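> Mind folding the following:
(one chain, ligands or ions: 1)
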Amino acid sequence: MNQRINRSIRVAEPVLDGNEALYVMDCLQSTWISSKGSYIDRFERLLADYCQVPFAVVTNNGTTSLHLALVAAGVGAGDEVIMPTLSYIATANAAHYCQAKPVFVDCEPNYLSMDPERIKEAITPRTKAILTVPLYGHPVDIDPIRDIADRHGLLLIEDSAEAIGALYKGRPVGSLADASSFSFFGNKTITTGEGGAITTANEQLASRMRFLRGQAVDPNKNYWHPEVGFNYRMTNIAAAIGTAQAERLDIHVERRQQVAQWYFEELADYQDLFQLPWAAPWAKHSYWMFTIMMRPKLAVSRDQWAGLLADVGIESRPVFYPIHTMPMYLERSGSYPVAEECSRLGINLPTHGKLTREDVRYVCEHAVATWKSLYRSSSKSLQRAA
Ligand SMILES: Cc1ncc(COP(=O)(O)O)c(C=O)c1O
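Prediction:
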């Protein structure tokens, strides 16, 4: 009980130790606090350069950025968008906002992204786009997916909200699709409080996103709106925080990789109990989250486990519930065994740049001890039932 009072390890925490305060003060003192101002351009340039593409368009969150990318790319009513069921709800919602139908596919079991074989099976004459999700910071195996998209004339969009800093065959996430969307929510590798961005090499798409982001105002005639647009603009204050964060992007990514390394060391002897994150030979994992999965034969209740961790001051988060199980997207006919099992067995341990080696040791000791206590009590109750 004492431990609970003494320790509080959050699952995610922003690290604001660069020029954030300086730049925000600059916005306040100069009164450029709304969505015009120099930090918007600065943040967009830093992001585009980091992702090695010519264009970045920032927005007010990672859901609006994904919606903007889909609308600007031409996804609309009646279209189908193929996407993983194991993702955050915003992935499906963004397609739904376009009146398109999310078509879910199962993931592969190692790095939890869409299985290219399942994508092929999901294509119909209505398919307009493939929406990949590099989950928890591991890139998607994009080359075979790009082939499928090209062969069928489909758009390839990435919901890379969680994966800034990850590399695929040496190429940055953010440069791998026709457009890639990021989130800068407070729990992300870099943050603007709330914020999002799309990176792209397509100039026409970038300018269409800028147009739609600002209420589709005619660039040559103010207050004239030839189309229905959106107010998805980022504020200069948010961009000021983002600029300071992006100036130190490599450091933010390296800190998470260091934390992951500590987890690997602490949990090395427990791999018979838990599957640790896996990185493909072609991947540099950015470890937005460190995800462990109980071995299926040794599973206890994931939620009870998280509850016991909370009792000792450790916040965790479950692997996403597959989207096809949510009421508005309920899909009974499909088969998604891998996503369902990962969701049942998986937990994300605290992963952020403020964690110390000692914090990670504390988390691991308690992750193992709480799992063991649950396992013991569940096997005793099984024996009693037998
Ligand atoms: C995969 C994925 N897509 C989209 C989003 C939406 O981003 P935001 O919360 O900034 O709207 C998130 C946010 O966590 C996410 O994880």
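> What is the neighbour count of S30?
11 (other CB atoms under 10 Å). (C-beta placed from N, C-alpha, C; glycine too.)
> residues in contact with E265?
E265 is in contact with no residue at all, counting by CB atoms under 8 Å, 6 or more residues apart in numbering.
> Which residue comes closest to the residue of the stretch 51-200 of the chain found nearest the ligand once chain neighbours are left out?
Among all residues of the stretch 51-200 of the chain, G62 sits closest to the ligand, at 2.6 Å; criterion: CB to the nearest ligand atom. When the adjacent residues along the chain are set aside, G62 lies closest to S183, with 2.5 Å between them (CB to CB, 6 or more residues apart in numbering).
> Need the per-residue pLDDT for the one you found.
For S183, the pLDDT comes out at 98.
> for R384, same thing?
The model's pLDDT for R384 equals 68.
> D159 now?
pLDDT at D159 comes out at 98.
> is it in a bridge, and if so with what?
When assigned by DSSP bridges, D159 has beta-bridge partners S181.
> check contacts around it.
Contact criterion CB under 8 Å, 6+ apart gives 66, 83, 87, 90-91, 94, 131-133, 181 as the residues in contact with D159.
> Restricted to helices, list these.
When the contacts of D159 are checked against helices using DSSP state H, the ones located there are 66, 90-91, 94.
> and the ligand, which of the residues you listed reach it?
Restricting the ones in helices among the contacts of D159 to those near the ligand by CB under 6 Å from any ligand atom leaves 66, 90-91.
> how far does stretch 164-180 stretch from start to finish?
Start and end residues of stretch 164-180 are separated by 10 Å (CA to CA, to the nearest Å).
> coming back round to it: Serialize the contacts of D159 to JSON lines and add fields for neighbour count and distance to W288.
Conversion of the contacts of D159 to JSON lines gives the following (neighbours: other CB atoms under 10 Å; distance: CB to CB, whole Å):
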{"residue": "L66", "neighbour count": "30", "distance to W288": "16"}
{"residue": "M83", "neighbour count": "26", "distance to W288": "18"}
{"residue": "S87", "neighbour count": "26", "distance to W288": "13"}
{"residue": "A90", "neighbour count": "21", "distance to W288": "15"}
{"residue": "T91", "neighbour count": "25", "distance to W288": "15"}
{"residue": "A94", "neighbour count": "28", "distance to W288": "19"}
{"residue": "L131", "neighbour count": "29", "distance to W288": "18"}
{"residue": "T132", "neighbour count": "31", "distance to W288": "15"}
{"residue": "V133", "neighbour count": "24", "distance to W288": "12"}
{"residue": "S181", "neighbour count": "32", "distance to W288": "14"}
